[in-house]
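Colleague: Coordinates for the following, if possible.
(chains A, B, C and D)
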2 protein chains.
Amino acid sequence: MNECSVAPRMGRQPLTTRAALSHVALRLFLERGFDQTTVDDIATAAGIGRRTLFRYFPSKNDLPWGDFDAELARMRAFLAATDTTVSLVDALARAVVEFNRFPSEEVPFHRERMNLLLNVPALVAHSTLRYAEWRFVVSDFAAGRLGVAVDAIEPTVIGWVFLGASLAAYEQWLRTDGSNLIELLESALLLLKEGFTSGELPTVEPGGRA
Amino acid sequence: MNECSVAPRMGRQPLTTRAALSHVALRLFLERGFDQTTVDDIATAAGIGRRTLFRYFPSKNDLPWGDFDAELARMRAFLAATDTTVSLVDALARAVVEFNRFPSEEVPFHRERMNLLLNVPALVAHSTLRYAEWRFVVSDFAAGRLGVAVDAIEPTVIGWVFLGASLAAYEQWLRTDGSNLIELLESALLLLKEGFTSGELPTVEPGGRA
DNA sequence: CAGACTAGTGGCACTCAGTGCCGAAAGTAT
DNA sequence: ATACTTTCGGCACTGAGTGCCACTAGTCTG
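Modeller: All right, here's what the predicted structure looks like:
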C-alpha cells in the first residue's frame, strides 16, 4: 500500500528541487556573471554532483527559467477558461497580463531573472526556444477562435505580435526603475488594439508614467 | 605604391571567403544534418584549418548566415532613401519586402538556408541575436519618424511586430512548396496595416494561393 | 636582392558544456 | 532479509570555442 505521506513514491528521494537549483544558480549568475559561472560551480554550491544537475536541467541556459512549463500550463488553462464572449484580442491580452502577474515579494527576484534573460547573449539566444512554446499557446488559442489551422498565417502572426508586445514591455520595465510591469504590458497590448491602420501610431503614454 | 589589382593590400592573401565557407558548410549541413557535422568536417571540406575557420566565423551557428551585416546595411540604406511622404508603416513594409527579394537562381539556396535557420534548434536559438540587429534597424527608423527615443515603447513594438510578420511569412513559405515569399510577406504585412482594432481579424488569403 | 613589415594560417593545448555508461546509495514493497 | 525502484554521481568521452605562437606569403623600402 501507498499510505506513507512523507515519502509517497518508491526509490530514493531526490536531494533537491528544480526551484532550489534555479535559485542557487541565479544567485551565482548575479554575483559573478553568467559566463564566469561554471556548471561545476553551481553543482558544488548546491551540494550535488555535476552529473546530477544535468538531470534536473538539460542545460545551463535553462537554469534561470525555473519551471516554465508549469507557468505555460497555467496560461493555457486561463485561456481555456475565458468566456467566449470576450474577443480574441482581449482574451489574449488578459491572459498575457495574468501570466506576468507575480506576488510582490517575488518581483525583485523576477526582475533580476529577466534582466539576465534579456541581456546575456547566450540566454537571449536560448530564450527563443521558450518563447516558441509560449507563442504556440497563443497561436493555438487564436487558431481555435478563428476556426483556422494553427499553422495558418493569422494565428502565427498573432503569436509573434503578442510576444513582441510583451517583450517590448519587459524591456521598458527593466530600463526604468520603479516602473510597473503590468501597466507597461497593458500599454503595449493597447498599441496592438489601436492598430497600425492610420500609418501614424497613436501616442500611448507609458504606463509607468501615466 | 598600391597599384596592383591582383593583391591590392599588404600581407598574405586570404585563402578563402566568408561566402565560400558558408556555402561549403551549408552543403554539409544539408547532407548529414547540422548536429552531425563538426567544425572539423567543414574546415577539412573547405581545405583550411579549424582554427582559421573560427577567424572567418565566430561560431558554427553563424555559418548559415553568410554576410548578414551587409544585407542589414542594404536595408538601412533603403529606409534612409525612402521619401518622407511615404507613411511609416508603408516605408517599413516596402523595406522588408526589398530586404527579402533575391535573384531567382538564389531562391532555392535561400530556401534551404532558411529551412535550417527556422528548424534546427541551435540555429533557431542563435538567430535571435541576428533578429535583434534587424529589429534595431526597424526600431531606429521608426523612432526617427515618430520623433521618440529608439528605446521608447512604440519603436520597440514596431520592431517586434515587423519581425513577427516576416517570420510568419517565412514559416508559411517553407511549409508550402511553390509559394511565393514576396506575396506571403505582403499578406503578413497587410495584416499589420489592417490592424487588430475590431478584435476579429480580417481574413487574408495566403499569397501563394491567391 | 635583402631585410623590414604586415596580415592570414594553423597547430597545440586548454576550458567548459553536455552525454553515455554503470555501479553505488537510498528508499519502498513483500 | 530480499527484491525492486529510483536517484546519485564518478569517469571518460565528444565537440565548440579560445589564447598563444611560430610559420607562411605577400608588400614595401633601401
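
Colleague: Check which residues of stretch A:181-198 are buried.
Modeller: Within stretch A:181-198, the residues that count as buried by 16 or more other Cβ atoms under 10 Å in any protein chain shown are A:181, A:183-189, A:191-196. Quick note: C-beta positions are derived from backbone N, CA and C, even for glycine.

Colleague: mind putting these in a markdown table, distance to chain B, pLDDT and secondary structure included?
Modeller: Below are the buried residues of stretch A:181-198 laid out as a markdown table (distance: Cβ to the nearest Cβ, whole Å; pLDDT from 0 to 100; DSSP: H, G, I helix; E, B strand; the rest coil):
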| residue | distance to chain B | pLDDT | secondary structure |
| --- | --- | --- | --- |
| A:181 | 13 | 95 | helix |
| A:183 | 11 | 94 | helix |
| A:184 | 7 | 94 | helix |
| A:185 | 10 | 94 | helix |
| A:186 | 11 | 93 | helix |
| A:187 | 6 | 90 | helix |
| A:188 | 6 | 89 | helix |
| A:189 | 10 | 90 | helix |
| A:191 | 5 | 81 | helix |
| A:192 | 5 | 80 | helix |
| A:193 | 6 | 78 | helix |
| A:194 | 7 | 72 | helix |
| A:195 | 3 | 63 | coil |
| A:196 | 5 | 46 | coil |
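
Colleague: Check the gap between residue A:142 and residue B:173 for me.
Modeller: Distance, residue A:142 to residue B:173, using Cβ to Cβ, to the nearest Å: 20 Å.

Colleague: nope, residue A:174 is what I was after
Modeller: Taken as Cβ to Cβ, the span from residue A:174 to residue B:173 is 34 Å.

Colleague: Which one of the two is surrounded by more residues?
Modeller: Legend: neighbour count by other Cβ atoms under 10 Å in any protein chain shown for residue A:174 and residue B:173, higher for residue B:173 (26 against 17).

Colleague: Which secondary structure element is home to that one?
Modeller: Under the criterion of DSSP states H and E, residue B:173 resides in helix B:153-175.

Colleague: Okay, buried residues for that helix please.
Modeller: Buried positions in helix B:153-175, judged by neighbour count with 16+ other Cβ under 10 Å: B:153-174.

Colleague: Check stretch A:106-121 too.
Modeller: Within stretch A:106-121, the residues that count as buried by 16+ other Cβ under 10 Å are A:112, A:113, A:114, A:115, A:116, A:117, A:120.

Colleague: just those residues now: which is nearest residue B:149?
Modeller: Set against residue B:149, the nearest of these by Cβ to Cβ is residue A:115 (20.0 Å).

Colleague: re the thing from before, can you tell me which of the buried residues of stretch A:106-121 are also in contact with DNA strand D?
Modeller: Judged by Cβ under 7 Å from any atom of the strand, the overlap between the buried residues of stretch A:106-121 and the neighbourhood of DNA strand D is nil.

Colleague: Make a markdown table from the residues you listed and add distance to residue B:29 and pLDDT to it.
Modeller: Rendered in a markdown table, the data for these read as follows (distance: Cβ to Cβ, whole Å; pLDDT from 0 to 100):
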| residue | distance to residue B:29 | pLDDT |
| --- | --- | --- |
| A:112 | 37 | 93 |
| A:113 | 34 | 95 |
| A:114 | 33 | 96 |
| A:115 | 34 | 95 |
| A:116 | 31 | 96 |
| A:117 | 28 | 97 |
| A:120 | 27 | 97 |
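
Colleague: Okay, buried residues for the longest helix seen in chain A please.
Modeller: Using DSSP state H, we find that the single longest helix of chain A is helix A:121-146. By neighbour count on 16+ other Cβ under 10 Å, the buried set for helix A:121-146 is A:122-131, A:134-139, A:141-143, A:145-146.
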